[in-house]
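Enquirer: got a structure for you, letters missing:
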């Protein structure tokens, strides 16, 4: 930061890194784990293979970093929308819908490819398990905050967890066919049930 | 059936087919789609590659048939347990738990491999989409029947669907690490909420 001349290079490096991470998520979601390599992602991002390898020495590094980075971005976006939300049942419905849409999109499809590949790949598993734990924790904390939920009330903690598990299951049901209509109906009813639970 | 001499051969053929189908589910769950071929499954089942190819001309045929067959078996097993179930809230809890266990096991891990591979493989997709629709329909019908649910009551149909979507999401959370304790807590609370919805 002290040397004015270094900043542009750092910015460039950061921009390259972000382009690689975003291209990695697109690639995973579209062609799956088997066809997703550092070289394929570098080409998609318009970055030389050498530069890609400099940022991410292994394939596992690139794809776990990509899911972590894009998840953080989505959660930050949701968090930024919170101050504008109405209170009460409208808020509950909005939050439930936003979570449902998050798990129905490209990021979830990409993460699913990584999770499922890790189930039969020990090297990948070692990197995905801590990522899954971190992402799960942060999604839970944000949901509690967004709903204004009091986890000391019996059943509330489980209802918040069920909201995320339900969204994950609905995301899976949306993988091969468009399940949007059914998902919105199920989440609409769930928002009513959840609202009652939050009120204790 | 008329010729006594033909029956043993038909029995042998059916037994071979069943061994292949069960070995295919084990294989998918353990090594994933990429490592799962007709040859690998034939060896695991102790069946010649020629015999395996006779029963299942393509890899897609074998694995979609395997998920369909083992799912039918599980659903039939659940159905056979129904007459012994107690009524009321105990029944709701039992059914919710049984569904949760089904999606936490080997069959779900295998199906997940197939679903996720189909997301980026058009040939496989064409066979998995009708299978997913059939399995989803049958699981829903059995759950309605098992719970004694009246889908004419507002919210009941969505609550039954949410039960299955929640179980799927919990199954996913159990893929890489043992999530049994948390799953049972979430499903225990869900059974209470579901019971209230069923009562109208």
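Expert: Received it, and whenever you're ready, just let me know what you need. What you are looking at is a predicted structure, and each value in this text was computed from that prediction instead of being measured. Numbers count the residues shown, from 1 in each chain, chains lettered A, B, ... in the order given.

Enquirer: grab the nearest non-local neighbour of the most centrally placed residue in chain A.
Expert: Nearest to the geometric centre of chain A sits residue A:71, at 3.3 Å (C-alpha atoms, centre = their mean). Using C-beta to C-beta, 6 or more residues apart in numbering or on different chains and skipping the chain neighbours, the partner closest in space to residue A:71 is residue A:135 (5.2 Å). (Glycine included, C-beta is placed from N, CA and C.)

Enquirer: what is the helix or strand hosting that neighbour packed up against?
Expert: Assigned by DSSP states H and E, residue A:135 belongs to helix A:122-147. Contact partners of helix A:122-147 among helices and strands, from 3 or more C-beta pairs under 8 Å, 6 or more residues apart in numbering or on different chains; DSSP states H and E: helix A:59-81, helix A:88-104, helix A:106-118, helix A:156-173.

Enquirer: quick one: stretch A:179-190 near chain B?
Expert: Yes - Stretch A:179-190 lies within reach of chain B by C-beta under 8 Å from any C-beta of the partner chain, at A:182, A:185-186, A:188-190.

Enquirer: ok, residue A:186 touching residue B:163?
Expert: No - counting by C-beta atoms under 8 Å, residue A:186 stays clear of residue B:163, with 10.1 Å between them.

Enquirer: these two: which has the busier surroundings?
Expert: Comparing residue A:186 with residue B:163 by neighbour count (other C-beta atoms under 10 Å in any protein chain shown), the higher total belongs to residue B:163, at 28 against 25.

Enquirer: show me the contacts for the nearest residue to residue A:179 once chain neighbours are set aside.
Expert: Excluding its sequence neighbours, the residue lying closest to residue A:179 (C-beta to C-beta, 6+ apart) is residue A:173, at 4.7 Å. Residue A:173 is in contact with A:179, A:182-183, B:136, B:165, B:168, counting by C-beta atoms under 8 Å, 6 or more residues apart in numbering or on different chains.

Enquirer: try residue A:146
Expert: Applying C-beta under 8 Å, 6+ apart, the residues near residue A:146 are A:78-79, A:82, A:85, A:91, A:95.

Enquirer: export the helices and strands packed on helix A:122-147 as CSV, with columns for mean pLDDT.
Expert: Output for the helices and strands packed on helix A:122-147, formatted as CSV (pLDDT from 0 to 100):
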stretch, mean pLDDT
helix A:59-81, 96
helix A:88-104, 94
helix A:106-118, 97
helix A:156-173, 98
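
Enquirer: closest to residue A:46 out of the ones you listed?
Expert: helix A:59-81 (15.5 Å; C-beta to C-beta).
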